[in-house]
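Q: following is a predicted model, sequence given first.
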Amino acid sequence: MDASDHIAIVDDDPAIRELLAEQLKRQGLRVSAAASAKALRTLLMQSPVDLIVLDVMMPGEDGLTLLKSLRASEHAATPVLLLTALAEDVDRIIGLEMGADDYLSKPFAPRELVARIRAVLRRARMLPPGQASARPSRYARFGDWQLDSVERLLTSHDGVSMPLNGAEFSLLLFLLDHAQHIVTRDQLLVHLAGRDADVFDRSVDLRVSRLRKRLGDDAREPSYIKTVRNEGYVLAKPVQWQDHP
């Protein structure tokens, strides 16, 4: 997490906005606060942000509706961390399926929020430390798809491109790096969530499901990301890395 990272906090509760902003500023971050979806859109027109902390339960346009709008806009690749009520598992699941990069249930310790932001931003960086030399080239071709590992663009065989959010990109890149080899759910969870990952967290399955939809994979008989019962997942297509698209 760099001191120059710009974090947007979207919450209709002014006390929560002030508390979270104070905690993040203590970490040397730039923080902007927005009380509504409309205020966030105004902020995004004025200044780019590196991550959005978004409360689900807001009056008017709620957090999930705003998330859906963001994922269909020019801000599709901006990482989003959802704040959800402790009992609202449905919101958490829907949020991950709609493209949230992570979630945090209320109440939470401000230090945990900082740790989660740090993990999401780390995933959002183009190439994790130590992997630049290991990855042979910029573009990965697999089946009918190509991934640009610098721009984080997934392009179909007919030339249609879509940006990936941080969690989608990190998951796909990990599978491509281990193509045609089984990776366990625990390996994926640690890769996506870091050392504090909960091995019982279903977010891996939800993110795999969303990535399958991106690839047009049949959920019942997937041809790209296959489930290996009692073991994990495998990207079944061979991968060709190349310097040019």
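A: Looks like it arrived, so ask away.

Q: what residues does stretch 154-173 touch?
A: If you take C-beta atoms under 8 Å, 6 or more residues apart in numbering as the criterion, stretch 154-173 is touched by 71, 76-80, 99-102, 120, 123-124, 144-149, 151-153, 188, 191-192, 207-208, 210-211, 214-215, 245. Where C-beta positions appear, they are placed from N, C-alpha and C, glycine not excepted.

Q: narrow those residues to those that are buried.
A: Neighbour-count burial (16 or more other C-beta atoms under 10 Å) applied to the contacts of stretch 154-173 gives 71, 77-80, 99-102, 120, 123-124, 145-149, 151-153, 188, 191-192, 207-208, 210-211, 214-215.

Q: taking the contacts of stretch 154-173 one by one, which sit in strands?
A: If you go by DSSP state E, the contacts of stretch 154-173 have 80, 102, 145-148, 153 in strands.

Q: pLDDT weak spots in this protein?
A: The chain contains residues with pLDDT under 70 at 1-3, 86-90, 125-136, 193-201.

Q: counting contacts, what elements does the longest helix belonging to it pack onto?
A: If you go by DSSP state H, the chain has its longest helix at helix 110-124. The contact analysis (3 or more C-beta pairs under 8 Å, 6 or more residues apart in numbering; DSSP states H and E) places helix 110-124 against helix 14-26, strand 51-55, strand 80-85, strand 102-106, helix 166-177.

Q: list the strands paired with the second one, with their directions.
A: For strand 51-55, the paired strands and their directions (DSSP bridges) read strand 6-10 (parallel), strand 80-85 (parallel).

Q: go on, the fourth one?
A: When pairs are called by DSSP bridges, strand 102-106 turns out to pair with strand 80-85 (parallel).

Q: can you pull the buried residues of the helix or strand just after the strand it pairs with?
A: As assigned by DSSP states H and E, the chain's next helix or strand after strand 80-85 is helix 89-97. Across helix 89-97, burial judged by 16+ other C-beta under 10 Å covers 91-96.

Q: need the max-distance pair from those.
A: Spatially, the most separated pair among the buried residues of helix 89-97 is 91 and 96, at 9.8 Å (C-beta to C-beta).
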